[in-house]
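A.B. asks: fold the following.
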Amino acid sequence: MFIVNPDVIIYKKGFCENISNYLENHGVPLLAIEGDKYYFAETDLLNKELKESPWWVKLGILFTP
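C.D. replies: From the prediction side, this is the model:
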């Protein structure tokens, strides 16, 4: 189940599908999907996984609009 209208959520981060797959495989719950953006709640778990992520994830985040 996903949130239908993620625009009302203030503390969220959006990523592309590849980064989303990485985060989901590492236990970060998906908040919403809108088009080609996958949204996650900005939590300690998300920040921890992003900090410990491999270089290709960090590079992908830099180029995510």
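
A.B. asks: could you use CA atoms for every contact and neighbour count after this?
C.D. replies: Noted.

A.B. asks: distance check, Trp56 against Glu34.
C.D. replies: 23 Å (CA to CA, to the nearest Å).

A.B. asks: so these two - more neighbours on which side?
C.D. replies: More crowded of Trp56 and Glu34, by other CA atoms under 10 Å: Glu34, with 14 against 11.

A.B. asks: for the more buried one, give its distance to Glu17.
C.D. replies: From Glu34 to Glu17 the distance is 11 Å (CA to CA).

A.B. asks: ok, which stretches of the chain are strands?
C.D. replies: 12-15, 32-34, 37-41 (DSSP state E).

A.B. asks: turn those into JSON lines, columns for distance to His26 and mean pLDDT.
C.D. replies: Listed next are the strands of the chain as JSON lines, based on distance: least, CA to CA, whole Å; pLDDT from 0 to 100:
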{"stretch": "strand 12-15", "distance to His26": "15", "mean pLDDT": "90"}
{"stretch": "strand 32-34", "distance to His26": "17", "mean pLDDT": "87"}
{"stretch": "strand 37-41", "distance to His26": "13", "mean pLDDT": "91"}
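
A.B. asks: tell me the most buried of the ones you listed?
C.D. replies: Highest mean neighbour count of these: strand 37-41, a mean of 20 (counted as mean count of other CA atoms under 10 Å).

A.B. asks: ok, residues contacting that one?
C.D. replies: With contact meaning CA atoms under 8 Å, 6 or more residues apart in numbering, strand 37-41 is reached by 6, 11-17, 20, 28-33, 46.

A.B. asks: and those residues, which two are furthest apart?
C.D. replies: Tyr11 and Glu17 (19.4 Å; CA to CA).

A.B. asks: what about the two, which has more around it?
C.D. replies: More crowded of Tyr11 and Glu17, by other CA under 10 Å: Glu17, with 13 against 10.
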